[in-house]
Each structure stands twice: as structure tokens, then as C-alpha cells.
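S.K.: predicted model and sequence follow; I will ask about them next.
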Amino acid sequence: MAILLLLPLQQMLAMDEPEYLVFEGQSDSWKVVIEVRQSKRNLDQYVVSERHELNYNGEPIEGEVRDYPVEWRIQSVLSSKKSSSMVSHFSEFLGTAEGGTTMETNASSKVADVDDVFQVDIVWNEGMNEQVTLTCVAWE
């Protein structure tokens, strides 16, 4: 005999993890902020969006260095094996302005949590490489 429990849809789509998280980290030259917004789409899929912000806080940069591209790659619980690098010309601010979205998926099987760590690899100034470890500093 099977017992069928009918739970309200709202209860089935409730998340144990926060729906909004902010991850931050800093190296000698870069401060990185990643905001994650996530919600449950159905029983086993989530809508997840990220906003990436990289701020240069190193020594003043002048001349030719500004002509070299900056490339960064993010590794996290949300990353896929196919995640690509992002590239931009050098600027003190890289990424997406506040309120925007850098990337979004409506079919994720993974979500972020407050104990997760994000790793950002930044290559800039013709081969300088810095790694920034981000931890969760705020959540709702």
C-alpha cells in the first residue's frame, strides 16, 4: 500500500541554502566580489545567477600595461568543466556593474552555500598571475 503525501508547492520549492550570497576576497593587486542569487525552479533544478566584480587596487598603472588584456577564470561549486575564461582590456573595474548579471542558468543542479569557497585566477600585465580566494561574507 503506497501512501501519497501532497505537500504545498511552496514547501516543495523551499531552499535550505540562502537565496542571496556575497563572496569576497583580495590579493596584492585585486579585490574580487561575486554575488550569487539562487532559487529553486523545480524539485531538482535551480535558477542561479552570478555577478562578478574585479577591482584593481595595486600600484598605479600607466602606459602600455593598460593595453594588455586581463583574463580571469572562476572555480567554484557552481562552475562547470566547460566554464570559460573572461577577458577584458585593463581597467580599474572589470565585470558587471551593481544590479547586473554576469551569467545565469535556469537549469543548475548545484547551488552555493555559506561554507563554499570560490577561487579566481587572474592573468594580467603580460603574464602576471594572481589567485584570489573568496569566502562568503553576507547572505540572506
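M.R.: That came in fine, so what should we check first?

S.K.: any low-confidence regions in this protein?
M.R.: Residues of the chain that meet the criterion pLDDT under 70 lie in 1-13, 65.

S.K.: repeat the analysis, applying 90 as the threshold.
M.R.: Within the chain, the stretches with pLDDT under 90 are 1-16, 41-44, 58-69, 79-85, 89-92, 97-99, 102-109, 124-128.

S.K.: which stretches in it count as strands?
M.R.: 20-26, 30-42, 45-56, 69-75, 86-89, 93-95, 103-108, 117-124, 128-139 (DSSP state E).

S.K.: and the angle for the fourth one with strand 128-139?
M.R.: Looking back up the chat, that one is strand 69-75. Here the directions of strand 69-75 and strand 128-139 differ by 50 degrees (axes from the mean of the first three to the mean of the last three C-alpha atoms, to 10 degrees).

S.K.: name the nearest residue to Trp72, sequence neighbours excluded.
M.R.: Counting by C-beta to C-beta, 6 or more residues apart in numbering, Trp72 lies nearest to Ile122, which is 4.7 Å off, once chain neighbours are set aside. Yep, even glycine has a C-beta here, placed from its N, CA and C like the rest.

S.K.: test my guess that Leu94 contacts Glu71.
M.R.: No: the criterion here is C-beta atoms under 8 Å, and Leu94 misses it with Glu71 at 10.2 Å.
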